[in-house]
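mind looking at a prediction? Sequence and model below.
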Amino acid sequence: MEASVVERELAIRLAAQAWLEGERAHGREAWTQPQLADFQYGGVRIPLMDRQRGIRKPADMAAALSIRTVYRAPGAPRPYDDGTGPDGLLRYMWRGPDPDHPENRALRAAMVRELPLIWFHGVAEGVYAALYPVYLLAEEPAERRFVVALSEEQRFTPVGDVGEAARRYVERITWQRLHQPMFRAGVMRAYQTHCSVCALGHAPLLDAAHITPDADLRGEPVTSNGLALCKIHHAAFDAGILGIRPDLTVHIRSDVLLEKDGPMLEHGLQAHHDHPLLVVPRSRRDKPDPERLAERYRVFRAG
């Protein structure tokens, strides 16, 4: 690719990332394929996701613009087995076995020119979270896959067998970078971007809170292990001031119920005692896991 072509492709990618950031600023956490078709550059519409293919290369671009991993329900197989390597970095599989398939060539072009891509990860059927910028660091032809860096910092991570300690460190950062936006997107979608306790609907003031903490081995980043909470109620939940019973009823710690400390305490916490959650996911699969809630509530009561 000539320098001018590379500059144009980089400009389109940066503009696409800025567009996604603008969408996020207005509360969108995940996208469908039709919604991702609204991006424009220079007055020309450039869909960020292909309707059928997992690798998106617009006709007038020389390198892939985005990649996609479809949603997989717990226990269900995926068409392509993406995973991590001995260095803790993620891999993205070729399209089929042919190294010269046009989509594989498009990925190779992005790798050689060190162009950033967007990685769309499914958080529900037909709904995707976006990770960006991601880079292809290397190709492993024998395994039919590319090595992926999930951030600017990971671009400098050695590829290959790096030793157990280094692999564990990189793998931890990799999964944090992958799972945090996916977990948030799934939770916000399930709770329609509202706090489950008070129904506040301003995305910048909302967190995706874990029921079983993510530091726990059982703290999987699945929607049923999450609650959409505003920052006040998230902090109260983590501090043991606010508990949620398995029947989805809010409980405020008894000593806090007796305090006198202004309208925030009165209306923001005390008024929710013994009241049900105001926002609950519609899908049974997304509802908070009662066993996790029971365990967390036991910890709350013991505290």
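Structure received.

can you find the helix or strand in the chain with the smallest mean pLDDT?
helix 164-190 (a mean of 86; mean pLDDT, DSSP states H and E).

just checking, next helix/strand downstream of it?
Using DSSP states H and E, the helix or strand that directly follows helix 164-190 along the chain is strand 206-210.

now that next one - C-alpha only, PDB.
Presented in PDB, the C-alpha positions along strand 206-210 are these (Å, rounded to 0.1, in the frame of the first residue of the first chain):
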ATOM      1  CA  LEU A 206     -23.800   3.500  36.100                       C
ATOM      2  CA  ASP A 207     -21.600   0.500  36.800                       C
ATOM      3  CA  ALA A 208     -21.900  -3.100  36.000                       C
ATOM      4  CA  ALA A 209     -21.400  -4.600  39.400                       C
ATOM      5  CA  HIS A 210     -20.400  -8.200  40.100                       C
END
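
neighbouring strands - and their directions - for that strand?
Using DSSP bridges, strand 206-210 pairs in its sheet with strand 226-230 (antiparallel).

tell me the average confidence for the partner strand?
On average, the pLDDT along strand 226-230 is 98.

which other helices and strands does the helix or strand that comes right after that strand contact?
The helix or strand immediately downstream of strand 226-230 is helix 231-238, counting by DSSP H and E. Under the contact criterion of 3 or more C-beta pairs under 8 Å, 6 or more residues apart in numbering; DSSP states H and E, helix 231-238 touches strand 206-210, strand 242-244. All C-beta atoms are positioned from the backbone trio N, CA, C, and that covers glycine.

so what touches stretch 37-51?
Applying C-beta atoms under 8 Å, 6 or more residues apart in numbering, the contact partners of stretch 37-51 are 11-12, 15-16, 19-20, 31, 33, 36, 56, 58, 65-66, 68, 118, 120, 128.

again, only using 6 Å
12, 15-16, 19, 33, 36, 56, 58, 66, 120 (C-beta atoms under 6 Å, 6 or more residues apart in numbering).

ok, now stretch 237-245?
Here stretch 237-245 has contacts from 209, 236, 250-253, 256, 293, 297, 300, 303, using C-beta under 6 Å, 6+ apart.

and the helices and strands packed on helix 231-238: which comes nearest residue 90?
Taking C-beta to C-beta, strand 206-210 is the member of the helices and strands packed on helix 231-238 nearest to residue 90, at 21.2 Å.

stretch 263-277: how far from the chain's middle?
Centre-to-centre, stretch 263-277 and its host chain are 30 Å apart (C-alpha atoms, centre = their mean, to the nearest Å).

can I get that stretch in PDB, CA atoms only?
This file holds the C-alpha atoms of stretch 263-277, laid out as PDB (Å, rounded to 0.1, in the frame of the first residue of the first chain):
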ATOM      1  CA  PRO A 263     -31.400  13.900  51.900                       C
ATOM      2  CA  MET A 264     -28.900  11.700  50.100                       C
ATOM      3  CA  LEU A 265     -28.900   9.100  52.900                       C
ATOM      4  CA  GLU A 266     -32.600   9.400  53.500                       C
ATOM      5  CA  HIS A 267     -33.800   9.200  49.900                       C
ATOM      6  CA  GLY A 268     -30.800   7.500  48.200                       C
ATOM      7  CA  LEU A 269     -30.400   4.600  50.700                       C
ATOM      8  CA  GLN A 270     -32.900   4.400  53.600                       C
ATOM      9  CA  ALA A 271     -35.900   4.900  51.400                       C
ATOM     10  CA  HIS A 272     -35.000   1.700  49.400                       C
ATOM     11  CA  HIS A 273     -34.900  -0.600  52.500                       C
ATOM     12  CA  ASP A 274     -37.300  -3.500  52.100                       C
ATOM     13  CA  HIS A 275     -38.300  -2.400  48.600                       C
ATOM     14  CA  PRO A 276     -37.900  -4.600  45.500                       C
ATOM     15  CA  LEU A 277     -35.400  -3.800  42.800                       C
END
